[in-house]
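Peer 1: turn this into a model:
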Amino acid sequence: MKRLFLLMLISTMLLAACGGADLPAEVNTDAGGEISSDDSADDESVEVELPEVEAGDCDAGIGPGLNLSLCEFRDSNLSGSNLAGANLTNSRFLDSNVSGSDFNGAIMVEVLFSDSNLSNSNFSKADMRKAVLSGINFSGSDFSEANLSEALMRGVNLTGADFSNTDLSDVLLSAANLTDVDFSGATLTGADLSFSVLSGSNITAEQIAVAATTEGAVMPGSDGDEEIDY
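Peer 2: Sure thing, here's the model as predicted:
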């Protein structure tokens, strides 16, 4: 009887010793031979968000080099303004007179100009990628060496403008007045020049060939040269 009791006691102790905590269902062995639990199946993908445009000081007035991003100018007389080197990213100019102004080297990515006068203004070396320019008078303005790729410039007046060495790739320039425009050295790859008037403009056959479309456009020297009444 004592022997039976002893055997039962030993069996109980052995079971207790072997009944430790369960190991994880899935384990990995790393390069050092250590075991670690596999949590990768529970990992969630992390989306990286691009930094938002930081709003500028819209009460700082007008001046060169200012941060005026995300600011709105409506029904304003800003003619002759000096905004050279200013940050105008995502800014809006609506129903305003900004003629004769200096935007040399300004950052104007996705800027919006609507129903405004910007004639005889200087946009040389400005970054105007994806700008939206609607109902604008840009006659006599200087865009030399500016970046206007993917900009929307449908129906604008660009009579006598300077686009020398300007990036106009994938730009929308349909139904625009491009009379006497200087395109020397400009990149027009993928540009939409449909139904625009290019009478007297300095543009080469090679530039026209790489444009996305010139359907309905009035080319320099063609018998159908005619002016558009803006």
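Peer 1: quickly find the element holding the nearest residue to residue 70 once chain neighbours are set aside.
Peer 2: Excluding its sequence neighbours, the residue lying closest to residue 70 (Cβ to Cβ, 6 or more residues apart in numbering) is residue 55, at 4.4 Å. For glycine as for every other residue, the C-beta is placed from the backbone atoms N, C-alpha and C. Secondary structure assignment for residue 55, by DSSP states H and E: no helix or strand.
Peer 1: give me the neighbour count for the nearest residue to residue 81 once chain neighbours are set aside.
Peer 2: Distances taken as Cβ to Cβ, 6+ apart place residue 101 nearest to residue 81, at 4.3 Å, with adjacent residues excluded. Counted by other Cβ atoms under 10 Å, the residues lying close to residue 101 total 24.
Peer 1: could you do the one 4 residues further on as well?
Peer 2: Here the neighbour count serves as a burial measure; for residue 105 (other Cβ under 10 Å) it reads 19.
Peer 1: go on, the one 5 residues further on?
Peer 2: Taking other Cβ under 10 Å as the neighbour definition, residue 110 ends up with a count of 17.
Peer 1: what do you get for residue 54?
Peer 2: Other residues near residue 54 come to 10 when the count uses other Cβ under 10 Å.
Peer 1: secondary structure class for residue 84?
Peer 2: coil (DSSP: H, G, I helix; E, B strand; the rest coil).
Peer 1: what pairs with the helix or strand containing residue 73, and is each one parallel or antiparallel?
Peer 2: Per DSSP H and E: residue 73 is located in strand 72-74. According to DSSP bridges, strand 72-74 forms sheet pairs with strand 92-94 (parallel).
Peer 1: now the element after the strand it pairs with, going C-ward?
Peer 2: On the C-terminal side of strand 92-94, the closest following helix or strand by DSSP H and E is strand 112-114.
Peer 1: any buried residues in that following strand, and which?
Peer 2: For strand 112-114, burial by neighbour count (16 or more other Cβ atoms under 10 Å) applies to 112-113.
Peer 1: so what touches that strand?
Peer 2: For strand 112-114, the surrounding residues in contact (Cβ atoms under 8 Å, 6 or more residues apart in numbering) are 90-95, 98, 131-136.
Peer 1: what lines up beside that strand in the sheet?
Peer 2: By DSSP bridges, strand 112-114 pairs with strand 92-94 (parallel), strand 132-134 (parallel).
Peer 1: JSON lines for those, including mean neighbour count and distance to residue 125?
Peer 2: Output for the strands paired with strand 112-114, formatted as JSON lines (neighbours: other Cβ atoms under 10 Å; distance: least, Cβ to Cβ, whole Å):
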{"stretch": "strand 92-94", "mean neighbour count": "18", "distance to residue 125": "19"}
{"stretch": "strand 132-134", "mean neighbour count": "19", "distance to residue 125": "17"}
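Peer 1: which residues in the protein form helices?
Peer 2: 2-18, 205-210 (DSSP state H).
Peer 1: can you tell me which of those the model trusts least?
Peer 2: Among the helices of the chain, helix 2-18 has the lowest mean pLDDT, at a mean of 49.
Peer 1: which residue sits closest to residue 71 in space, ignoring its chain neighbours?
Peer 2: In this structure, residue 71 finds its nearest non-sequential neighbour in residue 58, 3.9 Å apart by Cβ to Cβ, 6+ apart.
Peer 1: burial measure for that neighbour, as a count.
Peer 2: 15.
Peer 1: quick one: pLDDT of it?
Peer 2: 93.
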